[in-house]
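Student: Give me a model of this one.
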Amino acid sequence: MMYTLEARALATLYYPEFQFSDPYAVAIKNEVKAAIPIDRTDKDFIFSITERAKIFDQGTSAFLLQNPEAIVLSLGCGLCSRANRLQEIARGSKWINVDLKNVIEVRNVLYEEQANISNKACDDIENANWLDELWNPDALPVLLVMEGVSPYLTQEKLEKLLYNIGRKVRSQTAKVSILFDYCHPDYSYDGTIINNRSAKKVHFQAGFKNASAIAAVVPGIEIIGHYNTLAANSPAYASAEAEFKIENNGELPYEIVLLAFDRKEEERKKDLNYFGRPLFWNKRYARQAAGNGNYLFLAEADHFICTQQEYDTAVSFLLNGNKLCNGLQEEVFAVYCVNLFQDAGLLLDQEQEELVLIPDYASDPKEISVGQHKVLLLTEIPETSLLLEFVKEIQIAIPTLFVFTDDALDPRLNGLETEFLNGIAQWVLLKLSGEQWMLGPLFPASTSLKTCYNCLSLQLWRNQPVRKWAGKDKPGVVSVPVVFSIDRFLNQRTLLVDTLKGIMTEKLSVLTTIDALSAEIAVHPVNPQHYCSQRDELAENRQSAIVFSSRPKTKTNDGGYRTISPAQSIKNLESIISPVTGIVHPLNCLTGAEDALSVYSTVFFKVPQKQGLLKSEDFIQYSLGKGISKEQSKISALSEAIERYNAMYDGTEECVYGAGDQLDAKAFFPETLKRYSQDQLLRFAQNLNGRQAVKEMPVGTELHWTPAYSLLNREKAWFPFTFCYSNTPYPDETYVRFDSNGCAAGNTIEEAVLQGFLELIERDAVAVWWYNRVSRPAVSLTELNVDALGKIKNALDENWDYWILDLTHDFGIPVVVAVGKHKISKEFRLGFGAHPEISIAVTRALTELYQIIVINKQHKTAFKFSQIADEPFLYPATNISQKVFKDYPLEVRADIKEDVEYCAAQTAGLGFDVFVLNTTRPAALLHTVKVIIPGLIFIWPELGNRRLFDLPVQLCWQTEKLSESELNKQELFL
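Tutor: Numbers count the residues shown, from 1 in each chain. Just a heads-up that it's a prediction; the model follows:
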């Protein structure tokens, strides 16, 4: 109490640059003459106290300007003079200073009485009983100011205080806000900053990791403003804050927030004022702080992510008469934020008249008997009688439990199969609210060897990544509003009844959805899930040496060697293709004409593990497919999606943590897998957000590791986990990052390993060609399959000149690049291919070239093709004869296993080892792997790999090695 008063007095006397004046603190300091051990040269401490006071002054002033007849309760007031300092603004308000009895006795002596200022003593702050006698019959707005209170309460007392305030506030009609500061629970500061006050570090006793954590303690509270400007005005504090954020996932050490309690709807209507006209939040969206500076609007079929700052600024602007404390620049930003939300349909000019239901997961389900059936109501639909009549129309003979819900992921459904199925043979899930109605699946009472609700929920959660992310580190499930229209229900009642009868008659274990507007019906597979808690414990996906089996080939010139046709492969994957329950979404064709090449795309969802600000695209991963035939293009897209999906961390992977030299087998350290030059590492240090940017790992650093097994000697080796898997929660990405090089999918493990191996060889050869800018001979297309060549010509000839260059290097496996040059713009595009059979390598390169052309036009690519300089190495070498297919000897092998063994032998002959990490997930149906050959080069620049410099000379492609500075500067981020 005396320290803060002394700091305010010293700032007033000696630091005019702080733009803070407290003559009351100076007067009391002179009158009391207490020996307070603060050195007036301790500028940082004095600044922190006065800046905090200024922020609280500004927040209080803004509230009083909007509510001139308000009540202000200053809790834990100490000797604060805010009521006196703000008297000009606060003259029409009632101000009550609240603190413990001995503090109030001191205040009564030191401060003169004011007509509108009173002091209130209390014995027990956290019970909030002092609030009982402070409410006014006129329901005036109330601001509760709590400056510097929370850090000095225990966590239990702080949470109890906030909870009790919330409980008492909700029983009142007054509009109540709280201006409140809090610290992160891990925040501490060096006590020597205030000289002899403490000889050790002072740890605050309580706090919250972020503002949204307060809402978990005080239901119904809303964060409507953030006011901490310490970092903006103090380089010392800014540095400390930045360091803290790095160590704590972007969380702040200290915050000042304005909180408001939910009021009656009629009161809220008046709040959002935009230049004289009211605005209304779209009720279809739940709103919540999402951590790390993100703010989320979440609807049933949509979401919008913005920054917490954008939301707070817009709300403060709309609630405070379109004025903000920090002047014109902030107000311009506020207008931008309001327009942002209007354009997204989040702020509306008129209040919605439609009925919006909020699922109440805390309420008990209502059970009703309908003949031999039972109805369980988890829905907020008010017309219960209509639902009961709906059940009667189904006319099913088997005793059934009909479960009506507003949310297929309602947590109350988790215990249903054990709690409500006495005497019931089956149960069915029904969601008749929202934009998408859901009927089914029909679940048998006994779930042995069949799908159960847990299986369904796993599949649904897989396709609701934003909602899953929003619920991370929060208790329970994030509730999503849904609309209900009785007219739509009645209009589609016959369709609903007939559809449900069909499901129950045929005992369909599928989820049927009906669009509430268009009545379009879709059926989604529901499959037994390997990790369903009803049937399996979550098992570790343990690695072992792979034993290959004979896999006779199905010969194809399109896509490579496979054991079954592309059409059959697609059919085998139908059960995992769905936007609602699938692993991947339905395919989308990006091209048109029947006689041209086809490019297909699909997507799957992920919950990003990265910290910081997120965008909607962070939750989606696209995959593309190429091929001569549509079927090959389709299976190519699906295979890539499953390959990438299976490479994502899910917590079941085999993993150990420790120093690499302490493991039970050889460990491949980051620098042996990603060989960056010292110049690259220096550049990375300047941009740690770059695609490749890592730090050099100190000796003895502990990492997460996962094992893979050699194809040559079947021995285990350890690899950094973040090199092998994507989207992990581990900070090891500081030293090594995942890329998909060597990742592949196949109908069998042998198929997958062959494809992964060929990708490594392809990228290795391309890197040597690209960075050394080596001229290579052309490959003739005259021997290419006539049908394939015809489709390629139809796709490319009108706008593109194109040719094939031979990049085959020391592995002896054909590698080629297809170079395309636009006839008008003269821009280049590239496609690559590798395969033991030259015709397939060429086909792969040409179809990839077309894929790149299509996606660069439609979606844009990270690589800037327009920046490729027109250089000789992009054209056929003039001093080397054109190659034809017969120049590439082909040893005919009837079995894919033999192809894998051949590739392994080629690797061994060059002194490399080859490892396979089996990433197969049972639910994804295809086999997937990551093939690893330490020492090969990736197309993303690895300028510390000597192979990049040595191989062109060894192969006589160049007479002299280039230096790093002479390499191609354009990084091949494809």
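Student: Okay, now the unreliable bits of the stretch 401-550 of the chain?
Tutor: 447-449, 473-475, 533-540 (pLDDT under 70).
Student: OK, contacts around Q692?
Tutor: With contact taken as CB atoms under 8 Å, 6 or more residues apart in numbering, Q692 is in contact with 674, 676, 680, 684, 737, 940-941. Using the backbone N, CA and C atoms, a C-beta is placed for each residue, glycine as well.
Student: ditto for T512
Tutor: T512 neighbours (CB under 8 Å, 6+ apart): 438-440, 499, 503, 521-524.
Student: hang on, it in a helix?
Tutor: No. According to DSSP: H, G, I helix; E, B strand; the rest coil, T512 belongs to no helix; its state is strand.
Student: Identify the nearest residue to it in space, disregarding sequence-adjacent positions?
Tutor: L439 (4.5 Å; CB to CB, 6 or more residues apart in numbering).
Student: Identify the bridge partners of that neighbour.
Tutor: L430, T512 (DSSP bridges).
Student: Quick check, it in contact with T405.
Tutor: No. If you go by CB atoms under 8 Å, L439 and T405 don't touch, sitting 11.7 Å apart.
Student: what touches both of those two?
Tutor: With CB under 8 Å, 6+ apart as the test, L439 and T405 both reach 429-431.
Student: Show me the shaky parts of the stretch 751-900 of the chain.
Tutor: Looking along the stretch 751-900 of the chain with the criterion set at pLDDT under 70, you get 859-860.
Student: Going by residue numbers, what spans are strands in it?
Tutor: Applying DSSP state E, counting those that start in this stretch to the stretch 751-900 of the chain gives strands spanning 800-806, 815-822, 828-834.
Student: quick one: which of the ones you listed is nearest L346?
Tutor: Nearest to L346 among these is strand 828-834 (39.8 Å), distances taken as CB to CB.
Student: list the helices and strands the closest one packs on?
Tutor: Packing contacts for strand 828-834, counted by 3 or more CB pairs under 8 Å, 6 or more residues apart in numbering; DSSP states H and E, involve helix 749-772, strand 815-822, helix 838-858.
Student: Let me know which of those is the nearest to T307.
Tutor: Between the helices and strands packed on strand 828-834, helix 838-858 lies closest to T307; by CB to CB that is 28.8 Å.
Student: Let's see the closest one as PDB, backbone CA atoms only.
Tutor: Provided in PDB are the C-alpha atoms of helix 838-858 (Å, rounded to 0.1, in the frame of the first residue of the first chain):
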ATOM      1  CA  ILE A 838      11.500 -45.000 -68.200                       C
ATOM      2  CA  SER A 839       8.000 -44.700 -69.800                       C
ATOM      3  CA  ILE A 840       6.400 -44.500 -66.300                       C
ATOM      4  CA  ALA A 841       9.000 -42.000 -65.100                       C
ATOM      5  CA  VAL A 842       8.200 -39.800 -68.100                       C
ATOM      6  CA  THR A 843       4.400 -40.100 -67.700                       C
ATOM      7  CA  ARG A 844       4.700 -39.200 -64.000                       C
ATOM      8  CA  ALA A 845       6.800 -36.100 -64.900                       C
ATOM      9  CA  LEU A 846       4.300 -34.900 -67.600                       C
ATOM     10  CA  THR A 847       1.200 -35.500 -65.400                       C
ATOM     11  CA  GLU A 848       2.900 -33.700 -62.600                       C
ATOM     12  CA  LEU A 849       3.800 -30.800 -64.900                       C
ATOM     13  CA  TYR A 850       0.100 -30.500 -65.800                       C
ATOM     14  CA  GLN A 851      -0.900 -30.700 -62.200                       C
ATOM     15  CA  ILE A 852       1.500 -27.900 -61.300                       C
ATOM     16  CA  ILE A 853       0.000 -25.800 -64.200                       C
ATOM     17  CA  VAL A 854      -3.500 -26.400 -62.900                       C
ATOM     18  CA  ILE A 855      -2.900 -25.600 -59.300                       C
ATOM     19  CA  ASN A 856      -0.700 -22.700 -59.900                       C
ATOM     20  CA  LYS A 857      -3.500 -21.100 -61.900                       C
ATOM     21  CA  GLN A 858      -6.300 -22.000 -59.400                       C
END
